[in-house]
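Asks: Fold the stuff below for me.
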Amino acid sequence: MEIEEEILAKLSPKVLARAKMASEVELHRQMTPSTGLNAALRGGIGYGRQTLVWGSKSSGKSTFCLGTLGIAQRPVRERHSLMLNSPLTLLGQNV
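Replies: I've put the predicted structure just below:
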């Protein structure tokens, strides 16, 4: 914390006010399949931000992205699950 205080002390009042406003912003995060990466990113990838997934060939980039998408879809599936026995169930006609 001492380093942060030293840096903040050197800032102009205008920049200091902006820095304090930015620290109050709550950032929602999307968890990833990697617990280590979640820990390093302090909870996951921030919503509303572009994220570059970079790595060598066959390093698991696509698997990582698909796993992240799967985690992102889980709450939606749980909240909006709909069981259909047949296509006519939506029309109120059970076949």
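Asks: what stretches of the chain score poorly on pLDDT?
Replies: 1, 22-23, 75-95 (pLDDT under 70).
Asks: just the strands in it please.
Replies: Using DSSP state E, the strands of the chain run over 29-30, 45-46.
Asks: next one: the first one to chain centre, how far?
Replies: It refers to strand 29-30. Put simply, strand 29-30 sits 2 Å off its chain's centre (Cα atoms, centre = their mean, to the nearest Å).
Asks: Could you dump the strands of the chain into JSON lines with distance to residue 63 and mean neighbour count added?
Replies: The way it works is simple: take the backbone N, C-alpha and C, and place the C-beta from them, glycine included. Below are the strands of the chain laid out as JSON lines (distance: least, Cβ to Cβ, whole Å; neighbours: other Cβ atoms under 10 Å):
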{"stretch": "strand 29-30", "distance to residue 63": "16", "mean neighbour count": "16"}
{"stretch": "strand 45-46", "distance to residue 63": "16", "mean neighbour count": "16"}
